[in-house]
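one predicted model, sequence on top.
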Amino acid sequence: MQTDCIAIMDKVRAAQRELEKTIADLANAVPRLPDNPKIRRITSSPAIFILSAKSLDPIWNVEYHDFEIQYKIIHAQMVKHPLDVTDWWMRVRTAGKIKIGDDRMLFLHPDVVKHVDKLLGIE
């Protein structure tokens with residue numbers, strides 16, 4: 001009986017490690033998702049980009065249009081929530097924004113949400 005319990009617990013621990021690895025792989029794939037096609041990054045300084053003023057609507061915030069920044073923030077949060085990443089993402093995507101620090105919210109670009117949804121198999 002005790003041997004059976006030990007074997008079951010070993011399987012549970014192995015499954016948990018596999019789940020954590022899979023979630024880490026997903027989280028690590030987020031920064032490699034497609035960039036905003038409406039921007040042109042400056043080669044010598046990739047954090048700087050050019051964006052047409054007419055593309056700024058509805059939100060005039062650089063972080064809203066910089067998918068790389070949004071992906072980095074999403075990646076960091078996914079790493080913090082490894083065991084409930086799907087529930088966490090569903091709450092974030094429903095809200096359309098993600099909390100940064102204690103007092104700041106970042107509105108997510110709809111294309112970023114679509115790319116992360118596709119990665120997570122939510123379509």
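Now that the structure is in, tell me what you want to look at.

direction included, what does the longest strand anywhere in the chain pair against?
Secondary structure of the chain per DSSP state E: the longest strand is strand 45-51. Neighbouring strands of strand 45-51 in its sheet, by DSSP bridges, are strand 39-42 (antiparallel).

average pLDDT across the strand it pairs with?
Looking at strand 39-42 alone, the average pLDDT works out to 92.

and it, how far from the chain's centre?
21 Å (Cα atoms, centre = their mean, to the nearest Å).

residue 75 belongs to a helix?
Yes - the assignment for residue 75 is a helix, going by DSSP: H, G, I helix; E, B strand; the rest coil.

do I have it right that residue 105 meets residue 96?
No - contact criterion Cβ atoms under 8 Å: residue 105 and residue 96 do not qualify, at 9.6 Å. Just so you know, the C-beta spots here come from the backbone N, C-alpha and C atoms, and that holds for glycine as well.

follow-up on the earlier one: contacting residues around the longest strand of the chain?
36, 38, 39, 40, 41, 42, 65, 66, 68 (Cβ atoms under 8 Å, 6 or more residues apart in numbering).

per-residue pLDDT of residue 1, please?
In this model, residue 1 carries a pLDDT of 69.

check residue 121 too.
pLDDT, residue 121: 89.

from residue 22, how far off is it?
12 Å (Cβ to Cβ, to the nearest Å).

more crowded one of the two?
Legend: neighbour count by other Cβ atoms under 10 Å for residue 121 and residue 22, higher for residue 22 (12 against 8).

what about the more buried one, distance to residue 81?
14 Å.

pLDDT averaged over stretch 8-21 - what is it?
87.

which residues are in contact with the helix or strand hosting residue 87?
Taking DSSP states H and E as the definition, one finds residue 87 inside helix 85-95. Helix 85-95 is contacted from outside by 23, 26-27, 74, 77-78, 81, 98, 108, 113, 116-117, 120, 122, using Cβ under 8 Å, 6+ apart.

and these, which are buried?
23, 26, 27, 74, 77, 78, 81, 98, 108, 113, 116, 120 (16 or more other Cβ atoms under 10 Å).
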